[in-house]
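1. Take this sequence and fold it.
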Amino acid sequence: MPLDSALKAASLCLAGLLPLQALAVQAQTQQETKAVTQASTNSGISDGPYLFLNPKAEIADWICEGEHKQTRVNQGQLSRPEHCGQLPEPSLNPQAKEVLADSYQGVDKIVALSDVHGQYEVLLQLLRRNKIIDQNDNWAFGKGHMVMTGDMFDRGPQVNEVLWFMYKLDKQAKAAGGQLHLLMGNHEQMVMRGDLRYVNDKYQTASKLLDRSYEALYGQDSELGQWLRSKHTIVKINDTLFLHGGISQEWVDRGLTLARANSLYRENIDKSKAELKQDELLNFLFFGNGPTWYRGYFKPDFDTQELANILDYFKVKRIVVGHTSQTRVLGLFDNRVIAIDSSIKKGLSGELLLIEKDQLIRGQYDGNQTPL
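-> Sure, this is the predicted structure:
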């Protein structure tokens, strides 16, 4: 081959290799940037504790500034490792997983709120200012009953803090002669069956560091998972019904009872969406017009005769629901329906409902209390 032809061929070959080399360098740079970003993201995350029963609750798992650490449970007390922020240090409650009654009479005072969605600091401020807890975040509501009508999971960055805090209040309330009613909402149900569309990114990272799927962090072999699975979806206290979404006419037509529905929820909460859809009754309970998804009260064409039928069916004066977001605690239909999803999920403020001697009171974020 003549020299000029050889030089031309070599030049073409080199020209072809340069773009490939540039692409390789670009890909490597992107990979390194991603790794640095991931490491930076991980380093800022602290989460936990997670307690798995294998078969006993002996070791607690923590994420401390992006590193997986473990501590031994000492006589039912969990203690966080060093450099692990202010993560909860709960005491285990042997009675936490007992299934409670679903109907109560003679309760002097009730407080209800909903849809906290991982906004732990807002929750604490709201409860402190309304004197439900004291300045040390301990139960201060005496023999009163507190109802959380679901949706502690998803969206916000401190779901685990909320859960362990409610776990603590569960024990403290009972010791004071009161009661905590932690009701399951649609987001608890979604997480249990692996629908993770609304999980905060922090928990996706924690899940990878712990080498467990997010739903498995609250599985049947975990302390929090067993505690949650013992809870009701609907409770009746005095003349008020509490739940997440609402009761539709379809419930009345089916002739369902609280006991049967709550039992079915507990027994089937781990089933997949496809499995639930195959059973006509479970399809109703877990979706559509069922108690954790229903929004009918807030539609302009809602028939108030349906509401009258529902109230008569349960022999109550009112229904208290979350799920459908408002800017405040709101009474509808002459306070026969009370909406308590006050948009705590936004992380800015919130409200709660107080019922004392049949008086309905808005507990506002600044602690001011006004008649509903």
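2. mind listing the helices in the stretch 1-150 of the chain by residue range?
-> Remark: helices assigned in the stretch 1-150 of the chain by DSSP state H, counting those that start in this stretch are 3-43, 120-129.
3. Mean confidence (pLDDT) on the longest one, please.
-> When pLDDT is averaged over helix 3-43, the result is 46.
4. Check the last one too.
-> The predicted model assigns helix 120-129 a mean pLDDT of 98.
5. Need the residues that contact it.
-> 113, 116, 133-135, 137, 156, 158, 161-162, 165, 344, 347-352, 363, 365-367 (C-beta atoms under 8 Å, 6 or more residues apart in numbering). (Glycine included, C-beta is placed from N, CA and C.)
6. Weed out the non-buried ones from these.
-> Applying 16 or more other C-beta atoms under 10 Å to those, the neighbour count classes 113, 116, 133, 156, 158, 161-162, 165, 344, 347, 349-352, 363, 365 as buried.
7. Tell me the one of those residues nearest residue 84?
-> Among those, residue 161 lies closest to residue 84 (C-beta to C-beta), at 12.6 Å.
8. Now do the contacts for the closest one.
-> Residues near residue 161 by C-beta under 8 Å, 6+ apart: 87-88, 118, 120.
9. does it sit in a helix or strand, and which one?
-> Assigned by DSSP states H and E, residue 161 belongs to helix 159-175.
10. so which helix or strand takes in residue 260?
-> Going by DSSP H and E, residue 260 is part of helix 258-268.
11. Report the contact partners of residue 54.
-> Neighbouring residues of residue 54 by C-beta under 8 Å, 6+ apart: residue 221.
12. cutoff 10 Å now
-> Applying C-beta atoms under 10 Å, 6 or more residues apart in numbering, we find residue 54 in contact with 221-222.
13. Per-residue pLDDT of residue 324, please?
-> pLDDT, residue 324: 97.
14. what's near enough to touch it?
-> 114-115, 244-246, 294-299, 330, 339-341.
15. on that earlier part again, how far off centre is the helix holding residue 161?
-> Computed by C-alpha atoms, centre = their mean, to the nearest Å, the chain-centroid distance of helix 159-175 equals 13 Å.
16. What's the first helix or strand after it?
-> Following helix 159-175 toward the C-terminus (DSSP H and E): strand 179-182.
17. Buried residues, the following helix or strand past that next one. List them.
-> Heading C-terminal from strand 179-182, the first helix or strand you meet, by DSSP H and E, is helix 186-192. For helix 186-192, the buried set under the neighbour-count rule, 16+ other C-beta under 10 Å, comprises 186-192.
18. Return helix 186-192 as PDB; C-alpha atoms alone will do.
-> Once non-C-alpha atoms are left out, helix 186-192 reads as follows in PDB (Å, rounded to 0.1, in the frame of the first residue of the first chain):
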ATOM      1  CA  ASN A 186     -55.300   3.000  52.600                       C
ATOM      2  CA  HIS A 187     -51.600   3.900  52.800                       C
ATOM      3  CA  GLU A 188     -51.000   1.300  55.600                       C
ATOM      4  CA  GLN A 189     -52.700  -1.200  53.400                       C
ATOM      5  CA  MET A 190     -50.700  -0.200  50.300                       C
ATOM      6  CA  VAL A 191     -47.400  -0.500  52.000                       C
ATOM      7  CA  MET A 192     -48.300  -3.900  53.500                       C
END
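19. Report all helices and strands that it contacts.
-> Secondary-structure packing of helix 186-192 (3 or more C-beta pairs under 10 Å, 6 or more residues apart in numbering; DSSP states H and E): helix 223-229, helix 258-268, helix 273-278, helix 280-286.
20. number of nearby residues for residue 237?
-> Residues lying near residue 237 (other C-beta atoms under 10 Å) number 22.
21. so of the contacts of helix 120-129, which ones are in strands?
-> 113, 352, 363 (DSSP state E).
22. Same list, the residues you listed, but as a markdown table with pLDDT please.
-> Converted to a markdown table, those look like this (pLDDT from 0 to 100):
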| residue | pLDDT |
| --- | --- |
| 113 | 98 |
| 352 | 98 |
| 363 | 98 |
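23. which among those residues gets closest to residue 289?
-> Using C-beta to C-beta, residue 113 is the member of the ones in strands among the contacts of helix 120-129 that sits closest to residue 289, with 24.3 Å.
24. For the nearest residue to residue 195 once chain neighbours are set aside, list the residues it contacts.
-> Nearest non-adjacent residue to residue 195, counting by C-beta to C-beta, 6 or more residues apart in numbering: residue 273, 7.0 Å away. By C-beta under 10 Å, 6+ apart, the residues touching residue 273 are 189-190, 193-195, 283, 286-287.
25. Residue 98 contacts residue 229, doesn't it?
-> No - judged on C-beta atoms under 10 Å, residue 98 makes no contact with residue 229 at a distance of 11.9 Å.
26. what about the two, which has more around it?
-> Between residue 98 and residue 229, counted using other C-beta under 10 Å, the more crowded position is residue 229 (21 against 10).
27. hang on, residue 189 packs against residue 150?
-> Yes - judged on C-beta under 10 Å, residue 189 makes contact with residue 150 at a distance of 8.8 Å.
28. which residues are in contact with both of these two?
-> Common neighbours of residue 189 and residue 150, using C-beta under 10 Å, 6+ apart, are 233, 244, 292.
29. Dump those into CSV; add neighbour count as well.
-> Listed next are these as CSV, based on neighbours: other C-beta atoms under 10 Å:
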residue, neighbour count
233, 29
244, 29
292, 27
